[in-house]
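Q: Provide a 3D model corresponding to the input given below.
(chains A and B)
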Amino acid sequence: MNNKVPNNKAWLLVLPMLVLVAFSAIIPLMTVVNYSVQDVLGPNASFFTGTEWFKTMLNDEALQAAFLRQISFSLIILAIQIPLGIGIALIMPKRGWQASAVLILITLPLLIPWNVVGSIWQIFTRGDIGLMGWGLRELGISYNITGDASDAWVTIVLMDVWHWTPLVAMLCYSGLRSIPEAYYQAARIDRASKWAVFRYIQLPKLTNVLVIAVLLRFMHSFMIYAEPFVLTGGGPGSSTTFLSQSLATMAIGQQDLGPSAAFSLIYFLVILLVSWVFYTTIMHMQKDKPPHGGA
Amino acid sequence: MAEITLKGLAHSYEKTPKGAADYAIRQMDHVWHQGGAYALLGPSGCGKSTLLNIISGLLEPSEGDVLFDGQRVNELPPEERNIAQVFQFPVIYDTMTVFDNLAFPLRNMNTPEYRVKPKVLEVADILELTPLLNRKAKNLTADEKQKVSMGRGLVRDDVTAILFDEPLTVIDPQLKWKLRRKLKEIHERFNITMIYVTHDQLEASTFADKIAVMYDGQVVQFGTPRELFERPAHTFVGYFIGSPGMNFMAVKYQDEQAMFGNQSLPVSESIKRAIAHASSNNIKLGIRPEFIDISASPSTESLPVEVISVQDLGTYSLLTYKLNGQTFKARLPEGHSPVGEAAFAEFDTAKLALYIDEYLVETGHE
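A: Below you'll find the predicted structure:
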């Protein structure tokens, strides 16, 4: 292990990557950092404000509410999509033309642009011409996403589940296909129940794809913008206004560059922190516990 | 305890098999006696694993019956057959500790915990897994994992047979030897029927009392390692067993002589008679490399041959020569003087074996 030769020329090899990352991530991020500590009044009029914007943003009650809404939304859709995705993957056909057919059918929602998804559901839920809205009204169920906050919430969750569960299902499906047949055969010989096969073979083998699925779904749902914006516009009231929409209103609608930059950074750090904590926890769980008393 | 009988068994992966070529297992009858240590030996793709999976119940045979102690079990799934199977690649339950892995089959049968523990400890002790019991199975080495797989087969009291499907493929050579001895020990201790699938004749003969040699979906010979060597019942057995395998010569009967090309071969009376009465044209004489005597000077029954090469293999030398345009291998004992380009080969007539349509009909020895 100690046969490494120190050679500073090796840094030259890292350089191209560093330049690439600088342009794609570091420099744009730094401009945001730059804005976040200034009050920009005009092209040549800006003042250094220190951490003031950060304090303001953290204490903003509307933003705190949006943050709670955002967290709840992510947790709800994860709690639905992950088990549902696993379930779908488990019952999908394993081979033959049926497998291909189901794969194509299930992938369709993933191919639809986000604001189109919003529009589809907007029309779908209308009481006069939308199949779901009309159907519910005919059944005598009161349903109105522009008037009732819980109707709006249910619809947004339903929409996200429809749009993104296929991704989870496909990831799990690929994970399941990679389990060698011998595991199932051994489990049968060991007289494992269906549940035990799931719990001790399928689920452990799915860990890696599930980590990816949870991270992707968390990050994306935490940044959701176009679909609720088109469907409900954040209403009724601000009941479905999520963080990204608050940010867009602030940055583009009101041109508050300083506060929105500070807000963006906090937003970014929250996503980073949650993803990191989640990932390290899972990876830690897979390690051996330190053996007791030497050995 | 069980005696496993295969009656008129055949299997095809096709729904409507058309000819013999569509069968992975051709029609066969076979009995595995209770408590025996058997090996199923054959090249890749000869149907060994298929046969094993039929016995364990992972596959349902398309024709014939599998009987355990006379009871037909064709439709019984593996979980109801009291059988354990160890696969080529170790199967372990990643998230469990070694202890939980070994306890898994018992817990699946709702065995009370106070009976699980002593049994697991006993099996761990036999397999030398005791120090690893609290480790996660995922982080073990390949041979440790394979021992855990075997252990799961041993913990159940009701297991009557353990089937091994090339279990040592992924194990390092020096550990292979150890594990094989362990298996032998377990076999003697528990009196369990063991069937061991392999394509390695050395592995088969060190493990098994009796070996079934499979070729092209059929068991072509079932016998002790010694029988397989001394009286191969099929040309394939002759070729597959031994290192190198048997030499074969296509012969015909002409002028009251056994002719190999235009060379008359000295053979015993019984073989000559059998050749004369053969109803097929597919007649072959086989001789093992061990029973060809090579000398520098001619004798009454020797044939002049053209030496191609001599390989020194340490304990003996291997001579390759040509006779009638066909290559032969002969084994020279240690200290045998090297020969020049020309030499004389003499077949031990008592060891010549006659094959008609690939099956043994007669040996030189009366």
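Q: mind checking the backbone torsions on residue 48?
A: Using chain A here. Phi and psi for A:F48, reported as degrees, to the nearest 10, are phi -70, psi 130.
Q: Next, count neighbours for it.
A: 8 (other C-beta atoms under 10 Å in any protein chain shown). Using the backbone N, CA and C atoms, a C-beta is placed for each residue, glycine as well.
Q: ditto for A:I282
A: As a burial measure, A:I282 scores 15 neighbours (other C-beta under 10 Å).
Q: same deal with A:V14?
A: A:V14: 9 surrounding residues under other C-beta under 10 Å.
Q: Can you classify it as helix, strand or coil?
A: Using DSSP: H, G, I helix; E, B strand; the rest coil, the secondary structure recorded for A:V14 is helix.
Q: for chain B, what are the nearby residues on the stretch 101-250 of chain A?
A: Neighbours of chain B within the stretch 101-250 of chain A, by C-beta under 8 Å from any C-beta of the partner chain: A:180, A:182-183, A:185-186, A:188-193, A:196, A:200-201, A:204-205.
Q: any idea which of these is the one closest to B:M249?
A: Using C-beta to C-beta, A:A182 comes nearest to B:M249 of those, at 43.8 Å.
Q: Under the pLDDT cut-off, which ranges of the chain? List them.
A: This is for chain A. A:1-2, A:288-295 (pLDDT under 70).
Q: Chain B is the one I meant
A: B:1, B:334-341, B:365-366.
Q: Contact partners for the closest residue to chain A within the stretch 201-350 of chain B?
A: Minimum separation of the stretch 201-350 of chain B from chain A (C-beta to the nearest C-beta) falls at B:E203, amounting to 19.8 Å. Applying C-beta atoms under 8 Å, 6 or more residues apart in numbering or on different chains to B:E203 gives the contacts B:A39, B:L168, B:K176, B:R180, B:Y196.
Q: would you list the residues you listed in JSON lines and tack on secondary structure?
A: JSON lines is the format used below for the contacts of B:E203 (three-state DSSP):
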{"residue": "B:A39", "secondary structure": "strand"}
{"residue": "B:L168", "secondary structure": "coil"}
{"residue": "B:K176", "secondary structure": "helix"}
{"residue": "B:R180", "secondary structure": "helix"}
{"residue": "B:Y196", "secondary structure": "strand"}
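Q: The residue positioned nearest the centre of chain B and B:F207, how far apart?
A: Nearest to the mean C-alpha position of chain B, counting by C-alpha atoms, centre = their mean, stands B:L41 at 2.2 Å. Distance from B:L41 to B:F207, counting by C-beta to C-beta, to the nearest Å: 10 Å.
Q: shared neighbours of those two, anything?
A: By C-beta under 8 Å, 6+ apart, the residues touching both B:L41 and B:F207 are B:T198.
Q: State the distance from B:L354 to B:S264.
A: Distance, B:L354 to B:S264, using C-beta to C-beta: 16 Å.
Q: can you tell me the helix or strand for A:T107?
A: Assigned by DSSP states H and E, A:T107 belongs to helix A:97-107.
Q: Can you tell me the closest non-neighbouring residue to the residue nearest to the centre of chain B?
A: B:A204 (4.4 Å; C-beta to C-beta, 6 or more residues apart in numbering or on different chains).
Q: now do A:W134
A: Sequence neighbours aside, A:G127 is the residue nearest to A:W134 in space, at 6.3 Å (criterion: C-beta to C-beta, 6+ apart).
Q: How many neighbouring residues does that neighbour have?
A: Look at A:G127: counted by other C-beta under 10 Å, it has 17 neighbours.
Q: so the residue nearest to the centre of chain B bridges to which residues?
A: B:L41 has the following beta-bridge partners by DSSP bridges: B:T198, B:V213.
Q: do the same with B:A10
A: Counting by DSSP bridges, B:A10 is bridged to B:E63.
Q: how about it, what does it touch?
A: Shown in contact with B:A10 (C-beta under 8 Å, 6+ apart): B:Y23, B:I25, B:R26, B:Q27, B:M28, B:P61, B:S62, B:E63, B:G64.
Q: do the same with B:N281
A: Residues counted as contacts of B:N281 (C-beta under 8 Å, 6+ apart) are B:K252.
Q: List phi and psi for it.
A: Note on B:N281: its backbone torsions stand at phi -90, psi -10 [degrees, to the nearest 10].
Q: Can you give me the distance of it to B:A20?
A: 21 Å.
Q: Against A:A248, how distant is B:A124?
A: Taking C-beta to C-beta as the measure, B:A124 falls 62 Å from A:A248.
Q: Tell me which of those two has more neighbours.
A: Neighbours per residue (other C-beta under 10 Å) separate B:A124 from A:A248, with B:A124 holding more: 22 against 14.
Q: I'd guessed the more buried one sits against B:L133; true?
A: Yes - contact criterion C-beta atoms under 8 Å: B:A124 and B:L133 qualify, at 5.8 Å.
Q: Overlap in contacts, those two.
A: Each of B:V98, B:F99 lies in contact with both B:A124 and B:L133 under the rule C-beta under 8 Å, 6+ apart.
Q: element containing the residue of chain B most remote from its centre?
A: Centroid-distance maximum for chain B: B:Y114 at 41.1 Å, with C-alpha atoms, centre = their mean. B:Y114 belongs to helix B:113-126 when assigned by DSSP H and E.
Q: Could you do A:G233 as well?
A: Counting by DSSP H and E, A:G233 is part of no helix or strand.
Q: Can you tell me how far it is from A:R126?
A: 14 Å.
Q: For the chain, just list every one of the helices.
A: I went with chain A, as the question did not name one. A:10-21, A:27-36, A:52-59, A:61-91, A:97-107, A:114-124, A:131-138, A:149-177, A:181-189, A:194-197, A:203-222, A:226-231, A:243-248, A:257-286 (DSSP state H).
Q: Sorry, I should have been clearer: chain B.
A: B:48-56, B:98-108, B:113-126, B:142-154, B:173-190, B:201-207, B:225-230, B:235-240, B:269-276.
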